[in-house]
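Novice: I would like the atomic coordinates for the input below:
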Amino acid sequence: MERWTVSELARLSGVSVRTLHHYDAVGLLRPACVGRNGYRYYGREELLRLQQILFHRELGLPLAQIAQVLDAPGFDRAAALRAHRQTLAAEAARYRRLVRTIDQTLAALEGETDMDEKDLYRGFAPEKQAEYEDWLVDRFGPGMAEEIAASKAKLKGASAADMARLQAEAEAIETAMAKALAEGLPADSSAVQALMRRHHDWVAAFWRRPPTAEAFAGLGRLYQEHPDFRARYDGRAPGLTDYLAEAMRVFGERKL
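Specialist: Below is the predicted model:
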């Protein structure tokens, strides 16, 4: 049976020898055996486990949580790989949309082409806008149609540079929230609440007026209730939708 030393596995996987030693020390990735010479040797089973560790790290899970997942009774490696593929495919599609929007916005800023207003929003605003608007009106009543119209009127005068800035801010906030979730920061921690201040300011840029505590918490519930928003946030990091909604609720209670 083929075996790989820790140095060989490091070269094969791109994971440093020091990190592999750490994984061994914390019980996350044990070698198949240790030779009389003191060398660690890894087999194919350990290589496949390391692949799972790296996939879960890409999705933002901390090491302790990865160990719980991999060591859980009934863990199905093939099912986990299919789940990884689905999440990463959704993330890749999202990034492709963002890249297209950036390219289009840059071309418009440089005077190479005109840009339709609706294209400014692709990647961070709902692409199926009419469907979402109907859902909002159905969920919150006829008064929501007026709010939507006011928001559109406010954004109509925004420049391509303004929209690109808002787009970049949305991406930065979501990335930081996913990192905070992976690091186990509580939703009411000062770091997360500072992100909620930025998120509140971002929402205010789209709304007719800055959201009240009730409205901001309600927006968080909307993220939880609408399947597309839940797919967006949980596709970035499992559990991010509920984490974000709770952070928004706390911010509303404390700051608004």
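
Novice: where does Lys179 land in three-state SS?
Specialist: State at Lys179, reduced to three classes by DSSP: H, G, I helix; E, B strand; the rest coil: helix.

Novice: right, I mislabeled it, should have said Ala10
Specialist: Three-state assignment for Ala10 (three-state DSSP): helix.

Novice: Please work out how many residues are found near it.
Specialist: 17 (other Cβ atoms under 10 Å). The way it works is simple: take the backbone N, C-alpha and C, and place the C-beta from them, glycine included.

Novice: surely it meets Val17?
Specialist: Yes - Ala10 lies in contact with Val17 (Cβ atoms under 8 Å); the separation is 4.7 Å.

Novice: most distant residue from the middle of the protein?
Specialist: Within the chain, the residue lying farthest from the chain centre (Cα atoms, centre = their mean) is Arg36, at 45.4 Å.

Novice: you'd agree that residue is in a strand?
Specialist: No - looking at Arg36 with three-state DSSP, it is coil, so not inside a strand.

Novice: For the longest helix anywhere in the chain, buried residues please.
Specialist: With secondary structure taken from DSSP state H, the chain has its longest helix at helix 77-109. Neighbour counts over helix 77-109 (16 or more other Cβ atoms under 10 Å) mark His84, Thr87, Arg94, Leu98, Thr101, Gln104, Thr105, Ala108 as buried.

Novice: got those residues as CSV, with distance to Leu240 columns?
Specialist: What follows is the buried residues of helix 77-109, written out as CSV (distance: Cβ to Cβ, whole Å):
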residue, distance to Leu240
His84, 16
Thr87, 12
Arg94, 13
Leu98, 17
Thr101, 21
Gln104, 27
Thr105, 26
Ala108, 31
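
Novice: Looking at those residues, point me to the pair that's furthest apart.
Specialist: Maximum pairwise distance among the buried residues of helix 77-109 (Cβ to Cβ): 36.1 Å, between His84 and Ala108.

Novice: what are the ranges of the helices in this structure?
Specialist: 6-13, 17-25, 44-58, 63-71, 77-109, 129-140, 143-156, 160-182, 190-206, 213-225, 227-236, 240-255.

Novice: Mean pLDDT lowest where, among those?
Specialist: Note on those: lowest mean pLDDT is at helix 129-140, with a mean of 63.
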